[in-house]
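Participant: Quick check, what structure comes out for this input:
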Amino acid sequence: MTNTWRRGAAHPEPAPERRATISDIAAAAGVSKPTVSRVLNQRGDVAPATRRKVEQVAAELGYVPSTGARALRTGRHGALGLLLPSEPWGGLVDIVYGVSEEAAARAMHVMVFPLPAERAAERQFTTRTLPHLPVDGLVALMPDDMVPHQGIIPLSGAPVVAFDDRGTRPGIPYVETTNREGVREAVGHLVAHGYRRIAFASGTSGLAFAEARYEGYLDGLRDAGLPHVPQRVLRSEDDMPSDNEIRELLTAEEPDGPPDAVVAGWDEIATAVGHVVHELGLRLGADIGLIGFDDRPEIALMIKGLTTVHQPLREMGQTAVRLLLEIIEHGPGPANATVPTHLVVRDTCGPHAADGTPLPPEKS
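Facilitator: The predicted model follows:
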């Protein structure tokens with residue numbers, strides 16, 4: 001065996017093993033190199049038994065395709081790009097895992113590109129770097145103010161799928177979730193618990209997903225025949241309402257009394273509501289009900305037992321990759337994909353059965 005030496009090392013290092021080639025697979029499987037190539041490139045003109053044999057031999061030899069050679073041969077890189085916003089938020093982890101898992105299952109690599117925070121650098125990245133990335137397509141989490149760049153973003157004809165909980169990407173296929181329907185279900189759950197003076201607290205009111213959640217709140221009130229009381233709606237211009245705004249919401253003087261439940265636009269707002277509820281000497285799930293939106297695991301460290309609407313970020317990431325690969329393989333198809341939310345029932349609305357069905361309140 002040939003040895004390589006590292007300067008100063010007392011023992012030789014073994015030479016790296018040679019990478020298995022198509023010729024190696026062909027010889028071991030007893031087939032031609034073109035047959036191996038057809039199997040590895042997922043061509044359909046190979047007998048099933050031969051395909052299984054070639055795939056088994058390739059796995060045993062640890063065959064790893066050369067991305068450079070594949071790009072020259074097929075015009076594809078075997079990689080997808082994931083464009084992230086410059087401002088991080090907790091849900092990004094789930095999205096990255098979802099995209100990576102689905103890409104790996106399809107033998108694709110993922111290259112992650114965070115957007116620059118400064119506007120001029122963002123424009124330069126969008127116009128000069130994106131069109132030349134060695135990727136076959138892009139999953140893009142684009143902030144609202146990047147919409148003007150959407151005509152530039154398609155990379156020299158490579159497709160783009162927007163990962164989008166806003167639904168405001170004209171001309172770009174996107175994956176979204178059921179924001180409106182999720183809040184509508186949340187209001188219905190509060191009504192089933194017996195709450196009637198239901199408030200809504202949100203932030204960044206200009207964003208389309210926040211608007212959709214507000215519409216879901218109004219839908220839920222209409223479903224239950226409950227009035228829309230403007231004083232029970234807090235729609236802050238900031239990402240997070242202030243404690244003072246929340247306190248004013250919870251203590252608003254109405255003829256039938258202050259709110260007895262709150263639907264929060266996202267979980268961070270729900271935690272802020274919970275803190276103010278505690279300051280006011282009220283009990284969550286007894287004196288006042290509370291439902292959030294997102295179901296982020298770290299929220300459990302800030303508020304215990306929060307009932308919330310689960311936003312399926314990981315599944316949305318997986319769906320974005322499937323939609324993108326469908327477009328890459330077969331051209332544009334269905335414009336968008338929707339992954340539904342679902343309500344996760346815990347403790348902040350009151351007692352409930354194991355299946356989440358509300359139970360009569362416990363006597364104090």
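Participant: count of residues packed around P297?
Facilitator: Using other C-beta atoms under 10 Å as the criterion, P297 is surrounded by 11 other residues. In this view, the C-beta of every residue, glycine as well, is placed from N, C-alpha and C.
Participant: all helices for the protein, in order.
Facilitator: With helices called from DSSP state H, the chain shows them at 22-29, 33-40, 48-60, 67-74, 92-105, 119-124, 179-192, 208-224, 243-250, 267-279, 313-330.
Participant: Lowest average pLDDT across these?
Facilitator: Ranked by mean pLDDT, the helices of the chain bottom out at helix 67-74, which scores a mean of 50.
Participant: Geometrically speaking, which residue is the centre of this structure?
Facilitator: When the chain is reduced to its mean C-alpha position, the nearest residue by C-alpha atoms, centre = their mean turns out to be L313, at 2.8 Å.
Participant: coming back round to it: wait, which of the helices of the chain is closest to D136?
Facilitator: The closest of the helices of the chain to D136 is helix 313-330. By C-beta to C-beta, the value is 5.6 Å.
Participant: who's in contact with the closest one?
Facilitator: With contacts defined as C-beta atoms under 8 Å, 6 or more residues apart in numbering, helix 313-330 is touched by 76, 80, 91, 94-103, 106, 108, 136-139, 159-161, 163, 165, 173, 175-177, 333-334, 337, 339.
Participant: Please pick the buried ones from those.
Facilitator: When burial is judged by neighbour count using 16 or more other C-beta atoms under 10 Å, the buried members of the contacts of helix 313-330 are 76, 80, 91, 94-96, 98-100, 102-103, 108, 136-139, 159-161, 163, 165, 173, 175-177, 337, 339.
Participant: Keep only those of the residues you listed that are in strands.
Facilitator: L80, L138, V139, V160, V161, F163, V175, E176, T177, A337, V339 (DSSP state E).
Participant: how near is the residue nearest to the fifth one when sequence neighbours are not counted to P134?
Facilitator: It stands for V161. Residue nearest to V161 in three dimensions, not counting chain neighbours: L324, with 4.4 Å by C-beta to C-beta, 6 or more residues apart in numbering. Using C-beta to C-beta, to the nearest Å, L324 is found at 16 Å from P134.
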